[in-house]
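Undergrad: from the sequence below, what's the structure:
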Amino acid sequence: MRRPLRIGNASGFYGDRFDALREMLTGGPLDVLTGDYLAELTLLILGRDRLRDARLGYARTFPRQLEECLALAHERGVRIVANAGGLNPAGLATVLRELAARLGVPARIAHVEGDALPLPPGALTANAYLGGAGIAACLAAGADVVVTGRVTDAALVTGPAAWWHGWGPEEYDALAGAVVAGHVLECGTQATGGNYAFFRDHDVHRPGFPLAEIHADGSSVIGKHPGTGGVVDLGTVTAQLLYETGGARYPGPDVTARLDTVALTQDGPDRVRISGVRGEEPPPTLKVGRTRVGGWRNEVVLVLTGLDIDAKAALVRAQVEDALARAASRPRHVEWELARTDRPDASTEETASALLRLVVRDPDPDAVGRTVSGAAVELALGSYPGFHVTAPPGKGTPYGVFEADSLPAAEVEHIAVLPDGSRRALPPPVRTRALEDVEAPPLPPPPPPGPTRRAPLGLVAGARSGDKGGDANVGVWVRTDDAWAWLAHTLTTDRLRRLLPECAGLEVERHLFPRLRALNFTVRGLLGEGVASQARFDPQAKALGEWLRSRHLDIPEVLL
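TA: Residues are numbered from 1 along each chain as shown. Below you'll find the predicted structure:
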């Protein structure tokens with residue numbers, strides 16, 4: 001049995017802290033260092049890069065990072081695994097080989113491909129989400145650097161862990177444990193105090209990036225390098241476990257991990273042990289993501305200052321709507337939102353002002369360009385008192401749409417291109433299991449009656465939220481058994497809709513995780529066509545959880 005694999009993360013998205021790679025390589029011992037560069041929006045960006053230059057389509061910051069750190073990683077014996085290949089992993093591998101030769105570093109470069117799918121009409125990108133088997137094959141062949149296209153985020157950890165410990169494809173519990181560790185690591189500093197509900201409890205000015213010690217049975221310990229900022233505790237790990245997940249079964253190409261079996265224990269300062277994770281056969285299908293240009297959008301933000309805010313908003317809205325109705329091409333989608341950021345008797349003009357936001361979308365660029373700019377600008381001297389906008393309306397910009405689908409795993413190639421250039425095809429899973437909902441666990445006994453006080457939910461509960469295509473996810477957790485008994489009985493789907501009226505009329509799913517003292521909600525369709533369409537004020541639902549925490553309800557005084 002080998003010692004635990006020590007694996008770190010140095011990137012949670014394309015644009016993350018550039019010097020994190022060097023920080024992780026110099027901060028302490030590692031066997032493998034990973035980087036997650038891909039998101040639904042990122043693939044759209046890379047697709048537009050590739051339209052301009054067919055040689056692109058990968059994360060262009062990654063070669064610059066390796067120019068600084070490839071020699072250091074080779075000297076310290078750290079393998080590097082990243083999905084920075086995006087839409088062109090072979091192209092990135094070529095760039096890295098040329099870089100290694102120029103630097104005089106004998107690094108062996110490999111890549112994984114097969115995720116790219118034929119483009120349906122109108123699509124900009126189409127990719128299947130692969131697992132970690134190709135990464136494991138590349139590492140077993142001696143690769144020092146492995147770059148991939150669209151693999152699952154957790155595959156950046158399951159691949160190295162399977163290689164290190166020699167796991168077979170049907171060692172589901174071990175693989176599931178690595179999936180959970182990978183999910184905790186994948187978003188970088190979100191596991192070490194970044195974007196954390198209880199941020200005031202810790203110094204999180206510059207949180208260090210996370211790492212995991214993964215044991216042969218799949219259990220792990222999440223931590224960070226000594227002396228780095230931030231914190232790793234039960235709360236930060238719970239928050240990241242709930243982030244952008246759904247029910248108890250967390251499906252992936254390698255294994256379906258049972259999130260309802262996860263047990264967390266504090267294992268010392270900045271160390272959280274993950275154990276007990278059970279795994280099941282993966283589903284017979286792979287997730288597929290497609291992006292396309294959805295049309296054109298434009299935005300105008302009108303500033304309303306002082307008195308009569310509602311009347312001013314009603315006037316200018318009626319004027320703009322009248323102008324759009326008389327235009328040759330009215331935008332297909334017109335959305336208004338009034339943000340009452342104004343205060344009475346304000347001491348500054350800005351705090352006396354509210355913002356009226358107009359967002360338009362249409363397949364025709366003229367419908368969101370000249371039509372909207374004319375309708376808004378021509379009112380400058382003939383509308384409400386104090387008329388002005390935050391910026392003049394432009395010509396409009398294209399927006400993207402992300403669409404999720406699935407495909408039988410047997411229909412997707414999974415190719416490891418080894419350091420010597422040979423190609424190894426990885427077979428699809430022999431055993432699969434269709435996804436089914438898990439029977440809901442029993443509720444804890446209800447809390448005893450007692451006095452309550454009207455207060456924000458966030459005084460007793462943490463939350464983290466995010467996006468999955470057009471759906472929003474909100475995970476909510478508490479830190480004591482008494483608080484869990486209250487939360488589980490109080491925060492129902494109907495209560496969530498009342499607290500967050502923007503969710504009214506939408507399908508809301510609730511999942512219970514008693515071991516984590518947590519609830520996980522999925523709000524179907526809240527984000528429209530997804531982040532790239534930018535149809536909502538918070539298009540990725542990043543702050544949805546904080547809005548929920550700010551809402552008031554009757555909380556038992558004993559919890560406060």
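
Undergrad: burial count for F387?
TA: 18 (other Cβ atoms under 10 Å). The C-beta positions use only the backbone N, C-alpha and C, and glycine is treated the same way.

Undergrad: again with T432
TA: Here the number of neighbours of T432 (other Cβ under 10 Å) works out to 17.

Undergrad: same deal with D53?
TA: D53 is flanked by 8 other residues according to other Cβ under 10 Å.

Undergrad: next one: the one 4 residues further on
TA: G57: 26 surrounding residues under other Cβ under 10 Å.

Undergrad: I figured it was touching L46, is that so?
TA: Yes. Contact criterion Cβ atoms under 8 Å: G57 and L46 qualify, at 5.1 Å.

Undergrad: which neighbours do those two share?
TA: When Cβ atoms under 8 Å, 6 or more residues apart in numbering defines a contact, the residues bordering G57 and L46 alike are 86-88.

Undergrad: CSV for those, including distance to G279?
TA: As requested, the shared contacts of G57 and L46 are exported to CSV (distance: Cβ to Cβ, whole Å):
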residue, distance to G279
G86, 29
L87, 30
N88, 32
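
Undergrad: if any of the residues you listed are buried, put those into a PyMOL selection.
TA: Selection command for PyMOL covering only the buried members of those, criterion 16 or more other Cβ atoms under 10 Å:
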select buried, resi 86+87+88
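
Undergrad: would you mark the buried spots in stretch 391-403?
TA: Neighbour-count burial for stretch 391-403, with 16+ other Cβ under 10 Å as criterion, is recorded at 393, 396, 399-403.

Undergrad: mind telling me the two of those farthest from one another?
TA: Looking at the buried residues of stretch 391-403 by Cβ to Cβ, the two members farthest from one another are P393 and E403, with 28.8 Å of separation.

Undergrad: for the stretch 151-300 of the chain, just list every one of the helices.
TA: With DSSP state H, counting those that start in this stretch as the definition, the stretch 151-300 of the chain shows helices at residue ranges 155-165, 172-185, 234-242.

Undergrad: other SSEs contacting the shortest one?
TA: So the one you mean is helix 234-242. Under the contact definition 3 or more Cβ pairs under 8 Å, 6 or more residues apart in numbering; DSSP states H and E, helix 234-242 sits against helix 172-185, strand 263-266, strand 272-275, strand 461-468, strand 471-478, strand 518-523.

Undergrad: can we see that at 6 Å?
TA: strand 263-266 (3 or more Cβ pairs under 6 Å, 6 or more residues apart in numbering; DSSP states H and E).

Undergrad: what does the second one give?
TA: Helices and strands touching helix 172-185, as assessed by 3+ Cβ pairs under 6 Å, 6+ apart, comprise helix 155-165, strand 210-214, strand 256-258, strand 278-280.

Undergrad: if we use 7 Å, what do you get?
TA: For helix 172-185, the helices and strands in contact under the criterion 3 or more Cβ pairs under 7 Å, 6 or more residues apart in numbering; DSSP states H and E are helix 155-165, strand 210-214, strand 220-224, helix 234-242, strand 256-258, strand 272-275, strand 278-280.

Undergrad: returning to that earlier point: closest one to W336 among the helices of the stretch 151-300 of the chain?
TA: The stretch from the helices of the stretch 151-300 of the chain with the least distance to W336 (Cβ to Cβ) is helix 234-242; that distance is 33.1 Å.

Undergrad: give the buried residues for that closest one.
TA: Residues 235-242 are the ones in helix 234-242 that count as buried (16+ other Cβ under 10 Å).

Undergrad: which helix in the chain runs the most residues?
TA: As far as residue count goes, and with DSSP state H defining each element, the longest helix of the chain is helix 309-326.

Undergrad: identify the residues contacting that helix?
TA: 302, 304, 330-331, 334, 336, 338, 340, 342, 354, 356, 358, 371, 375-376, 379, 383-384 (Cβ atoms under 7 Å, 6 or more residues apart in numbering).

Undergrad: so where's the chain shaky on pLDDT?
TA: Where the chain drops to pLDDT under 70, the residues are 530-535.

Undergrad: tell me how many other residues surround the residue nearest to Y129 when sequence neighbours are not counted.
TA: Counting by Cβ to Cβ, 6 or more residues apart in numbering, Y129 lies nearest to K287, which is 4.4 Å off, once chain neighbours are set aside. Each residue near K287 was counted by other Cβ under 10 Å, and the total is 18.

Undergrad: now swap in the one 10 residues further on and tell me
TA: The burial metric for R297, expressed as a neighbour count using other Cβ under 10 Å, is 21.

Undergrad: next: T480.
TA: T480 has 11 nearby residues by other Cβ under 10 Å.

Undergrad: contacts only, for it.
TA: Contacts here follow Cβ under 7 Å, 6+ apart; on that basis T480 touches nothing.

Undergrad: re the thing from before, for ChimeraX, write a command that selects the buried ones of the contacts of helix 309-326.
TA: Only the buried members of the contacts of helix 309-326 enter the following ChimeraX selection, criterion being 16+ other Cβ under 10 Å:
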select :302,304,330,331,334,338,342,354,356,358,371,375,376,379,383,384
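
Undergrad: just the contacts of helix 309-326: which are in helices?
TA: In this view, the contacts of helix 309-326 that belong to helices under DSSP H are 371, 375-376.

Undergrad: out of these, who's nearest V95?
TA: T371 (43.6 Å).

Undergrad: and the nearest residue to the closest one once chain neighbours are set aside, how many residues sit next to it?
TA: By the measure of Cβ to Cβ, 6+ apart, the closest residue to T371 outside its immediate chain neighbours is A327, 4.6 Å from it. Burial of A327, expressed as a neighbour count using other Cβ under 10 Å, amounts to 16.

Undergrad: got the phi/psi numbers for A327?
TA: Note on A327: backbone dihedrals following degrees, to the nearest 10 are phi -70, psi 160.

Undergrad: gap between it and A380?
TA: Distance of A327 to A380, computed by Cβ to Cβ, to the nearest Å: 17 Å.

Undergrad: same thing with G122?
TA: With the distance defined as Cβ to Cβ, G122 ends up 38 Å from A380.

Undergrad: what residues are up against L30?
TA: Taking Cβ under 7 Å, 6+ apart as the definition of contact, the neighbours of L30 are 6-8, 24, 78, 211.

Undergrad: give me every residue that touches D362.
TA: 295-296, 331-333, 368.

Undergrad: I214 too?
TA: Taking Cβ under 7 Å, 6+ apart as the definition of contact, the neighbours of I214 are 4-5, 7, 161, 178, 181, 220.

Undergrad: columns distance to D144 and neighbour count on top of these, output as a markdown table?
TA: A markdown table is the format used below for the contacts of I214 (distance: Cβ to Cβ, whole Å; neighbours: other Cβ atoms under 10 Å):
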| residue | distance to D144 | neighbour count |
| --- | --- | --- |
| P4 | 21 | 18 |
| L5 | 16 | 23 |
| I7 | 15 | 28 |
| A161 | 18 | 29 |
| A178 | 21 | 37 |
| A181 | 22 | 30 |
| S220 | 24 | 28 |
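
Undergrad: now, which of those sits nearest L526?
TA: For L526, the closest of the contacts of I214 turns out to be A181, at 29.4 Å, with distances computed as Cβ to Cβ.

Undergrad: what about A174, how many neighbours?
TA: The tally of other residues near A174 (other Cβ under 10 Å) stands at 23.

Undergrad: measure it to P282 for me?
TA: 14 Å.
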